[in-house]
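Student: missing the sequence, but the structure's below:
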């Protein structure tokens with residue numbers, strides 16, 4: 001694999017790929033080879049959709065949503081630890097990465113962005129097929145571009161280490177700038193939010209994807225609520241969350257369906273999920289095998305997690321003992337990785353809304369209690385605290401890769417609480433290790449690139 005932004009952007013121009021077959025919203029299992037190499041090969045709206053499917057597919061690889069992006073954001077918290085069974089995630093869980101570390105989502109992220117930019121840069125007026133649908137597909141590409149840049153920023157930006165450097169925001173396929181420099185964090189935020197607004201404006205309700213495997217119009221606003229709370233933009237988070245809630249398109253999964261919902265593709269609470277199937281067959285490199293099983297099972301649950309849930313809370317049912325090891329048994333249940341991976345659920349938006357209301361003087365208690373009522377948990381009484389909201393987020397979103405960002409965006413240390421944790425001591429907020437380094441291959445290839453402080 002070629003490990004630079006430049007090579008990620010230009011990857012498709014370096015090798016000749018055969019023409020793609022037709023792909024629809026029901027067929028999201030394209031190989032990466034189905035990407036187009038040059039704009040001139042995109043002559044129909046179906047071609048454009050095939051390229052977009054390639055962007056989604058790039059997000060499913062093992063070092064992105066296929067496993068590592070989620071696990072890295074769990075194993076560096078008080079939720080889980082790496083037991084060393086096969087040696088996986090020892091570096092990340094111990095915060096022992098250095099300048100030579102090649103992890104994070106830098107490479108797969110910029111490859112997905114390249115595919116999205118190819119869709120965005122296509123003149124849809126020249127294509128054969130339904131122009132309105134082509135415009136909708138471009139809206140999806142804007143949302144993908146925003147989300148992936150946001151993910152890379154959360155991994156590699158200096159927003160929690162005392163610096164001001166974000167990441168390069170790449171907006172062109174085969175653009176003139178082959179060695180982009182890092183933008184400021186504030187500029188990254190502005191560009192992400194602009195792309196999400198463009199996505200919302202371009203996408204149409206007429207193309208709502210019931211499978212949730214393609215982004216739909218209100219996916220853009222759901223993602224925007226995620227970005228808003230990350231940056232403490234509380235009034236904006238309130239407004240974007242309300243748009244999603246008032247759309248009526250999604251609902252909280254009921255208590256009796258909670259555990260089963262993680263084995264169901266396109267459930268009523270899903271807003272956007274990435275498509276996986278038996279064709280992907282991640283095997284020991286997938287989420288199922290990393291969370292459980294004797295053949296792999298490097299990620300175990302820390303004992304304190306048992307204390308999060310009261311009796312009757314169905315969210316505790318995802319926990320289980322496997323050969324006396326406390327495990328995540330309920331989320332990503334198919335061991336070989338055949339289950340779709342949720343990226344954003346309705347419950348997250350509801351929690352975003354509750355937090356925004358808390359910060360702006362609204363009725364956050366009522367929103368939290370909509371969730372607890374569907375989980376068999378006790379209702380909250382006013383007044384509540386910020387920690388109540390963070391704890392409810394932890395209970396609902398555990399093992400899905402949210403905890404690390406929730407700790408950092410609220411300025412909290414990564415505390416050493418239990419002997420099983422891989423860190424030897426608490427890591428204070430602001431420590432340089434809270435961000436991954438820029439990959440060394442990128443530093444070597446790009447003279448304009450600046451490494452994160454400390455590496």
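Tutor: Perfect, I can see it now. Computed from a predicted model, the values in this text were never measured in an experiment.
Student: Neighbours of the residue nearest to residue 358 when sequence neighbours are not counted, how many?
Tutor: Leaving out its chain neighbours, the residue that sits closest to residue 358 by C-beta to C-beta, 6 or more residues apart in numbering is residue 364, at 3.9 Å. Heads up, the C-betas are built off the backbone N, CA and C, glycines and all. Neighbour count for residue 364, taken as other C-beta atoms under 10 Å: 24.
Student: surely residue 364 meets residue 355?
Tutor: Yes: taking contacts as C-beta atoms under 8 Å, residue 364 lies within contact range of residue 355: 7.1 Å.
Student: Identify the contacts common to the two.
Tutor: Shared contacts of residue 364 and residue 355 (C-beta atoms under 8 Å, 6 or more residues apart in numbering): residue 389.
Student: Helix or strand for the residue at minimal distance from the centre of the chain, just tell me which one.
Tutor: Taking C-alpha atoms, centre = their mean, the centroid of the chain lies closest to residue 343, which sits 5.3 Å from it. According to DSSP states H and E, residue 343 maps onto strand 341-345.
Student: partners of that strand in the sheet?
Tutor: strand 270-274 (antiparallel) (DSSP bridges).
Student: ok, and what's touching the strand it pairs with?
Tutor: Residues from elsewhere that reach strand 270-274, judged by C-beta under 8 Å, 6+ apart: 56, 59-60, 65, 212-213, 215-216, 218-219, 222-223, 244, 250, 265-266, 340-346, 349.
Student: ditto for stretch 415-430
Tutor: If you take C-beta under 8 Å, 6+ apart as the criterion, stretch 415-430 is touched by 75, 78, 81-82, 90, 93-95, 160-162, 300, 302-304, 408, 411-414, 433-434.
Student: Restricted to strands, list the residues you listed.
Tutor: Mapping the contacts of stretch 415-430 onto strands (DSSP state E) picks out 81, 82, 300.
Student: Identify the residues contacting the last one.
Tutor: For residue 300, the contact set (C-beta under 8 Å, 6+ apart) comprises 80, 81, 82, 83, 325, 326, 327, 420.
Student: likewise residue 390?
Tutor: The contact partners of residue 390, taken as C-beta under 8 Å, 6+ apart, are 406, 410.
Student: a strand runs through it, doesn't it?
Tutor: No: the assignment for residue 390, made by DSSP: H, G, I helix; E, B strand; the rest coil, is helix rather than a strand.
Student: Buried ones from the contacts of stretch 415-430, can you make that a PyMOL selection?
Tutor: Buried residues among the contacts of stretch 415-430 (16 or more other C-beta atoms under 10 Å), as a PyMOL selection:
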select buried, resi 75+78+81+82+93+94+95+160+161+300+302+408+414+433+434
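Student: mind showing which ranges of this protein have poor pLDDT?
Tutor: For the chain, applying pLDDT under 70 flags the ranges 1-40, 175.
Student: If we use 80, what do you get?
Tutor: Counting by pLDDT under 80, the chain has low-confidence residues at 1-40, 174-178, 277-282.
Student: ok, and the most crowded of the contacts of residue 300?
Tutor: Among the contacts of residue 300, the one with the most neighbours (other C-beta under 10 Å) is residue 80, at 29 neighbours.
Student: thinking that one is in contact with residue 74, fair?
Tutor: Yes: counting by C-beta under 8 Å, residue 74 is a contact partner of residue 80 at 5.1 Å.
Student: list residues touching both of those two?
Tutor: Jointly contacting residue 80 and residue 74 under the rule C-beta under 8 Å, 6+ apart are 299, 399.
Student: before we move on, the earlier item: give me the residues contacting the strand holding residue 343.
Tutor: Strand 341-345 is contacted from outside by 60, 65-66, 70, 147, 219, 222-223, 226, 269-274, 276, 287, 332, 400, using C-beta under 8 Å, 6+ apart.
Student: continuing past it, what's the next helix or strand?
Tutor: Following strand 341-345 toward the C-terminus (DSSP H and E): helix 346-360.
Student: roughly how far apart are the nearest residue to residue 258 once chain neighbours are set aside and residue 394?
Tutor: In this structure, residue 258 finds its nearest non-sequential neighbour in residue 314, 4.6 Å apart by C-beta to C-beta, 6+ apart. Look at residue 314 and residue 394: by C-beta to C-beta, to the nearest Å, they are 16 Å apart.
Student: likewise residue 162?
Tutor: Separation of residue 162 from residue 394 (C-beta to C-beta): 26 Å.
Student: ditto for residue 89
Tutor: For residue 89, the distance to residue 394 (C-beta to C-beta) stands at 20 Å.
Student: Between the two, tell me which one has more neighbours.
Tutor: residue 89 (25 against 19).
Student: can you tell me which residues contact the residue nearest to that one when sequence neighbours are not counted?
Tutor: Nearest residue to residue 89, sequence neighbours excluded (C-beta to C-beta, 6+ apart): residue 82, at 4.2 Å. Taking C-beta under 8 Å, 6+ apart, we find residue 82 in contact with 75, 88, 89, 90, 92, 93, 298, 299, 300, 422.
Student: What sits closest to the last one if chain neighbours are left out?
Tutor: Right, the one you point to is residue 422. With sequence-adjacent residues excluded and distances taken as C-beta to C-beta, 6+ apart, residue 422 is closest to residue 93, at 3.8 Å.
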